[in-house]
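[1] Sharing a model prediction with you, sequence too.
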Amino acid sequence: MNWVARQFAGAHCQPVMLGVSWIETEVKKKTMESNLVKKDFKIRNGKPSDHARIVSVMQNWWNGRDLTAMLPKLFLIHFRETTFIVERGNELIGFLVGFLSQSRRNEGYIHFVGVHPGFRNDGIGTFLYERFFELCRKQSRTIIRACTSPVNKGSIEFHIKMGFQIEPGNGEMDGFFVMLDYNRPGDPKVLFTRILS
Ligand SMILES: CC(C)(COP(=O)(O)OP(=O)(O)OC[C@H]1O[C@@H](n2cnc3c(N)ncnc32)[C@H](O)[C@@H]1OP(=O)(O)O)[C@@H](O)C(=O)NCCC(=O)NCCS
């Protein structure tokens, strides 16, 4: 698939999501949840004491990139209901930190998601996203946003697989639209949007 096709890959699937695909998604969600339970994984909301555990693994999980400054403890204090933790015993298996936008009343935002490198490609990231989508649907939040750095190709692929579209930006890097100087000069971001059906 060329890069233009890839950036719009999620778009054309959306109407289909209303029918059979919706049922498939529901079945997949239930199956995934029961698979996690079978493996003794527990799923719960985040709490402030999770912060230290999360930041202690981030550099390793993000391939040596230190993004801990972007996840201050306030997220685990003020956004507990929209934060999910997957763990086995004391071992952190995955997390999703999100929130419901105060300013855009129909939007939810996924700020960080991470899955233990030893448990990737097994649907845990999908499960965490589906959990967040479900919560957003219940709150009438039908637009989900997220962003990532263009260097994080794995994250870009994952978001495309999760049905996100890449927003047209003001630049292009490695074949993907980016918003240049997003948080500060020299800090481009790939911005994702998914409309929930
Ligand atoms: C991105 C991440 C959360 C995905 O978690 P995961 O549990 O491995 O994802 P899933 O198993 O649910 O994968 C869902 C789909 O995305 C695809 N995918 C996941 N990671 C991918 C990668 N690195 N490259 C290409 N495709 C990927 C899977 O193949 C799967 O596709 P399929 O449905 O066709 O099988 C995980 O790789 C991670 O923690 N990465 C480091 C942290 C990070 O970059 N977070 C995102 C930015 S905040």
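    Sure, I can see it.
[2] mind listing the helices for the chain?
    Taking DSSP state H to define them, one finds helices in the chain at 3-7, 20-38, 50-61, 74-78, 124-138, 153-161.
[3] Figure out which of these is closest to Asn106.
    Closest approach to Asn106 among these (CB to CB): helix 124-138, 9.2 Å. Where you see a C-beta, it was placed from the backbone N, CA and C, and this is true even at glycine.
[4] Please identify the buried residues of that closest one?
    124-133, 135-136 (16 or more other CB atoms under 10 Å).
[5] So which of the residues you listed reach the ligand?
    124-126 (CB under 6 Å from any ligand atom).
[6] Tabulate these (JSON lines), appending pLDDT.
    Converted to JSON lines, these look like this (pLDDT from 0 to 100):
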{"residue": "Ile124", "pLDDT": "97"}
{"residue": "Gly125", "pLDDT": "97"}
{"residue": "Thr126", "pLDDT": "96"}
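[7] Adding distance to Tyr109, write those residues out as a markdown table.
    Below are those laid out as a markdown table (distance: CB to CB, whole Å):
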| residue | distance to Tyr109 |
| --- | --- |
| Ile124 | 20 |
| Gly125 | 17 |
| Thr126 | 18 |
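[8] Name the residues of the protein found near the ligand, please.
    61-62, 112-115, 120-126, 148, 152, 154-155, 157-158, 161.
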